[in-house]
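**Student:** My questions concern the predicted model and sequence given below.
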Amino acid sequence: MKRIYRSLAVLLCISLGVSLFFPAVAQENSIVCKQINGKDCILGSVGDSAASWTSLWGDQAYRVFDNNSDEKQPEDPLGTGAFIQVLNETGIAEKTYYAVIRGDVTGDGRITTFDARQILRCSISLSQLVAVQLEAADQDLDGEVSTFDARQVLRQAIELPVQTREEYESSVRQSEEESRSIAASIEASLEQSRLDAMRFDPVLKEGPAVDMSYFNDTVFVGDSVSMMLSYHDNRYNSFGNARFLVRGSMSARNALWPVSSSSYHPKLNGQRVRVEDGVKMLGAKKVYIMLGMNEISMGVDAAVQNMTKLCDLIVQKSPGVTIIVESVTPMAQGSTSTTSRLNNSTISQFNQKMQGVCEERRWYFLNVAEALSDANGYLKRSYCSDYPTMGLHLTYDAAGAWLQYIKTHPVPNA
Ligand SMILES: [Ca+2]
Ligand SMILES: [Ca+2]
């Protein structure tokens, strides 16, 4: 009775001509049958043998042949195209089943890169496969032989896990996203290196001390703080041929005023001159400029604007001149000039902003304040000539330290 039931089930499967699952035999094996080009085919996987399918024909005798019609043992693994003859009681073949081993189109019962190659060639119409091979080639069971089937079979051949199409597409998307993100980060780092290469660091760095000839083409512009440099030069001839356009109470703001008997302009050859005109008349190549102490109290930003404008004018009148903005030196602790608007904090803000302007304009920035400050940022007591009153003017020692700082932080290649 059991045998008849199974035969009926097989017949039903074959007559429908579609892939069917047999619940009646599921207790032992899941065997799927399909009619392909009029042939009764069993859809199996690598390792299946005729012996593993005997539930289909019960205790009827059978013979097994490979796809070259060479007889095989019932336990031998089947390849695609192998066939099983089920014999009647007189030993005559009454039914033939063909094996379709998923992924094995070459018929050797194994999945190798050669199978993947055959499937790929077929998927792009370079070669053709016969019907049972086409069935074996359709790894993802979508009814077509595609490059995706070839890829899946190749993964099996090299023992990588087979993916679903969703997994495959998600891995493609992921790798595209990764590529995009790698490309974006390469792009960003190239852009950053380009910006870094373009970025100008204005701060003059310590280097070997220059000799006096460095000052041959140099002009110092400043207020009463810088006047000490000219006094130092007068006493020690310490600045070589440098020239000084310095004036007490000068600021960038009042340097921009017209020259008059009451303006704060420096003198050159006995005449009051605008700074930019004086620089041009002297034919200077380097201009060290320190201004700000006399106008920071009117607002840091306005002072920065005036200073920038004055330096712009100098460059306009003397194209090619090198501007070296010097940081405004700090006030001594307890300076009576300290107010809420003029103090070491606002001086420091002004200096930082001027350093930023120098970076933009490609001017140099000499941090003289660094050389004259104590550990707390005040003007060193020993460098202050008017302690404990104004507390911001310099001693000869301070001017000497300033000079040394200039010589050991020279403009490159100047
Ligand atoms: Ca094969
Ligand atoms: Ca397919």
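**Tutor:** Cool, got the structure. This is a predicted model, so every value here is computed, not measured. Ligands and ions are numbered 1, 2, ... in the order given.
**Student:** Buried residues, stretch 167-187. List them.
**Tutor:** residue 168 (16 or more other C-beta atoms under 10 Å). To be clear about C-beta, it is placed using only N, CA and C from the backbone, and glycine gets the same treatment.
**Student:** right, I mislabeled it, should have said stretch 321-338
**Tutor:** Of all the residues in stretch 321-338, those buried under the rule 16+ other C-beta under 10 Å are 321-333, 335, 338.
**Student:** CA atoms of it as CSV?
**Tutor:** Provided in CSV are the C-alpha atoms of stretch 321-338 (Å, rounded to 0.1, in the frame of the first residue of the first chain):
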residue,chain,number,x,y,z
VAL,A,321,58.1,95.4,0.7
THR,A,322,58.1,92.9,3.5
ILE,A,323,55.8,93.8,6.5
ILE,A,324,56.7,92.5,9.9
VAL,A,325,54.0,93.3,12.4
GLU,A,326,55.5,93.1,15.9
SER,A,327,53.2,92.2,18.8
VAL,A,328,52.5,95.0,21.2
THR,A,329,54.5,94.6,24.3
PRO,A,330,52.6,94.0,27.6
MET,A,331,52.3,96.4,30.5
ALA,A,332,54.0,95.9,33.8
GLN,A,333,52.1,94.6,36.8
GLY,A,334,50.4,97.5,38.6
SER,A,335,50.8,99.9,35.6
THR,A,336,48.8,103.1,36.2
SER,A,337,47.8,103.1,32.6
THR,A,338,45.8,99.9,33.0
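**Student:** any weak-confidence spans in the stretch 201-350 of the chain?
**Tutor:** By pLDDT under 70, the stretch 201-350 of the chain contains no weakly predicted segment.
**Student:** The stretch 51-200 of the chain: strands as residue ranges?
**Tutor:** All strands of the stretch 51-200 of the chain, identified by DSSP state E, counting those that start in this stretch, fall at 62-65, 71-72, 83-87, 93-101.
**Student:** hmm, which two among the buried residues of stretch 321-338 are most spread apart?
**Tutor:** Farthest apart among those by C-beta to C-beta are 321 and 333. That separation is 37.0 Å.
**Student:** Provide the contact partners of stretch 77-90 at residue level.
**Tutor:** 42, 44, 46-50, 53, 57, 60-67, 72, 93-101, 104-110, 132-133, 135-136 (C-beta atoms under 8 Å, 6 or more residues apart in numbering).
**Student:** how about a cut-off of 7 Å?
**Tutor:** Stretch 77-90 is contacted by residues 44, 47-50, 57, 60-67, 93-101, 104-105, 107-109, 132-133, 136 when judged by C-beta atoms under 7 Å, 6 or more residues apart in numbering.
**Student:** filter the residues you listed by proximity to ligand 2?
**Tutor:** Among those, proximity to ligand 2 is found for none (C-beta under 5 Å from the ion).
**Student:** The closest residue to ligand 1 within the stretch 301-414 of the chain: neighbouring residues, count only.
**Tutor:** Per C-beta to the ion, residue 359 is where the stretch 301-414 of the chain lies closest to ligand 1, at 69.3 Å. Residue 359 has 15 neighbours, counted by other C-beta atoms under 10 Å.
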